[in-house]
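Peer 1: 3D, please:
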Amino acid sequence: MPSSSVVQILTGSIAPVIVISGIGLLLLSITNRYGRTLDRARVLLKELEHGDPADVQAMRHEEQLERTYQRARILRSSMTFASASIFFVSLTILTIFVEYVLSMQRDYLAVPFFALCLVCLVISIYHSIRDITLSLGALELEIESVKGRMAKPKP
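Peer 2: Below is the predicted model of the structure:
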């Protein structure tokens, strides 16, 4: 294979490789949010273990725990679709290479894989936005809890 063919393969692969870098950064952000969500769930579980189940605070913790669990599930979905997106863009690069090496019609297989990559990326971002919305709702619950405790007169 002449060196000009290798250059053509590398040139055709540059855009998908850049997509992998961008998705990797998105995945890093989502993974960090997921870890923080799991940590928050563990804190809420400890507080529920040591608290009175009939207490108003315990009921708030249970509601926060439900939202936190929902957020963790959404973030897991987001990570799964981001990973699938990286998988499909990797297949795109592989098919570009195979098509060049075998002198096949260019983009015959690469385009559908790249389309699947983009679809998975959009779904991942959608789930990420859902998590951001839910996290704001969880914060509102915590603010209400603090305001409720501050409003109670101290004996």
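Peer 1: and the lowest-mean-pLDDT helix or strand in the chain, what does it pack against?
Peer 2: Every helix and strand in the chain was compared by mean pLDDT, DSSP states H and E; the lowest is helix 3-50, with a mean of 84. When contacts are defined as 3 or more CB pairs under 8 Å, 6 or more residues apart in numbering; DSSP states H and E, helix 3-50 packs onto helix 56-101, helix 110-151. (C-beta placed from N, C-alpha, C; glycine too.)
Peer 1: my guess is residue 83 contacts residue 27. True?
Peer 2: Yes - when contacts are counted by CB atoms under 8 Å, residue 83 is listed as touching residue 27 (6.9 Å).
Peer 1: still on that earlier bit, worst mean pLDDT among the helices and strands packed on helix 3-50?
Peer 2: The weakest mean pLDDT among the helices and strands packed on helix 3-50 belongs to helix 110-151, with a mean of 86.
Peer 1: could you give the angle of that helix to helix 56-101?
Peer 2: 170 degrees (axes from the mean of the first three to the mean of the last three CA atoms, to 10 degrees).
Peer 1: and helix 110-151, how far out from the chain middle?
Peer 2: 9 Å (CA atoms, centre = their mean, to the nearest Å).
Peer 1: I'd like to know how many residues surround residue 135.
Peer 2: Residues lying near residue 135 (other CB atoms under 10 Å) number 19.
Peer 1: so how far is residue 23 from the nearest residue to it once chain neighbours are set aside?
Peer 2: Nearest residue to residue 135 in three dimensions, chain neighbours excluded: residue 71, at 6.2 Å (CB to CB, 6 or more residues apart in numbering). The gap separating residue 71 from residue 23 is 21 Å, by CB to CB, to the nearest Å.
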